[in-house]
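1. Return a 3D structure for these sequence lines:
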Amino acid sequence: MHIAIAGNIGSGKTTLAGLLSKHYGWEAHYEDAETNPYLNNFYEDMQRWSFNLQIYFLNSRFRQIVELRKAGGKVIQDRTIYEDAYIFAPNLHAMGLMSTRDFENYRSLFDLMSSFIEPPDVLIYLKASVPTLVNQIQKRGRVYENSIRLDYLKRLNERYEEWINNYDLGKMLIINVDENKFSENKSDLGEIIQKIDAEIHGLF
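-> Model prediction:
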């Protein structure tokens, strides 16, 4: 069983992964953000480091998925390999922060890698408005996120909506984080768990 949590920066993916891992007793696999050697550089100079950052994430996520499938068992994954390819990399390209040559190289590599992997059994999308994202980003206080621009978050949100509207790889749940405060409210978390249970039981 493989559940993956998707969502913009600050939507609460890591928090939800931890809460669900605790509830179900499943292993949580988190995004490799703290040890990413390019992240600080990227936020200081996006154009210079965008390709390096995306290749690092692509390699890291592909390796993670291969290891998850090899190990078997029940896992909850914080962010998917698809988000980089359909949201972050094309957004950087559209903003002129990644060259067409680099973007096409990246997409070619992603297309090859994705042909070797299975999508998650259930995708949970955390939908959040820009004010909610900004509020949660400020709360966690990561220094390298201080320079994230509002227009950058807005563009990412638009691409998330487009991707989710066309997602057809498997079962999906959409959680509106503006309304569902699962990190603070147990009944809100319970609502998410009920929805997951309904999807899981439908898989057997």
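
2. Which strands or helices does the worst-scoring helix or strand of the chain on mean pLDDT pack on?
-> For the chain, counting by mean pLDDT, DSSP states H and E, helix 39-44 ranks last in confidence among helices and strands (a mean of 86). In terms of contacts (3 or more CB pairs under 8 Å, 6 or more residues apart in numbering; DSSP states H and E), helix 39-44 is packed against helix 46-71. C-beta: built from backbone N, CA, C; applies to glycine.

3. Restrict the helix or strand hosting residue 103 to CA atoms and write it as PDB.
-> Here residue 103, judged by DSSP states H and E, is contained in helix 100-114. Provided in PDB are the C-alpha atoms of helix 100-114 (Å, rounded to 0.1, in the frame of the first residue of the first chain):
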ATOM      1  CA  THR A 100      14.500  25.300 -22.800                       C
ATOM      2  CA  ARG A 101      17.500  23.000 -23.400                       C
ATOM      3  CA  ASP A 102      17.700  22.100 -19.700                       C
ATOM      4  CA  PHE A 103      14.000  21.700 -19.400                       C
ATOM      5  CA  GLU A 104      13.800  19.300 -22.400                       C
ATOM      6  CA  ASN A 105      16.700  17.300 -21.000                       C
ATOM      7  CA  TYR A 106      14.900  17.100 -17.600                       C
ATOM      8  CA  ARG A 107      11.600  16.000 -19.100                       C
ATOM      9  CA  SER A 108      13.300  13.400 -21.200                       C
ATOM     10  CA  LEU A 109      14.900  11.900 -18.100                       C
ATOM     11  CA  PHE A 110      11.600  12.100 -16.200                       C
ATOM     12  CA  ASP A 111       9.700  10.300 -19.000                       C
ATOM     13  CA  LEU A 112      12.300   7.500 -19.000                       C
ATOM     14  CA  MET A 113      12.200   7.200 -15.200                       C
ATOM     15  CA  SER A 114       8.400   7.300 -14.900                       C
END
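
4. how about the least confident helix or strand of the chain: buried residues?
-> 39, 42, 43 (16 or more other CB atoms under 10 Å).

5. Could you do stretch 152-166 as well?
-> Buried-residue list, stretch 152-166, by 16+ other CB under 10 Å: 152, 153, 155, 156, 157, 159, 160, 163, 164.

6. show me the contacts for the fifth one.
-> For residue 157, the contacting residues are 8, 128, 129, 130, 133, taking CB atoms under 8 Å, 6 or more residues apart in numbering as the criterion.
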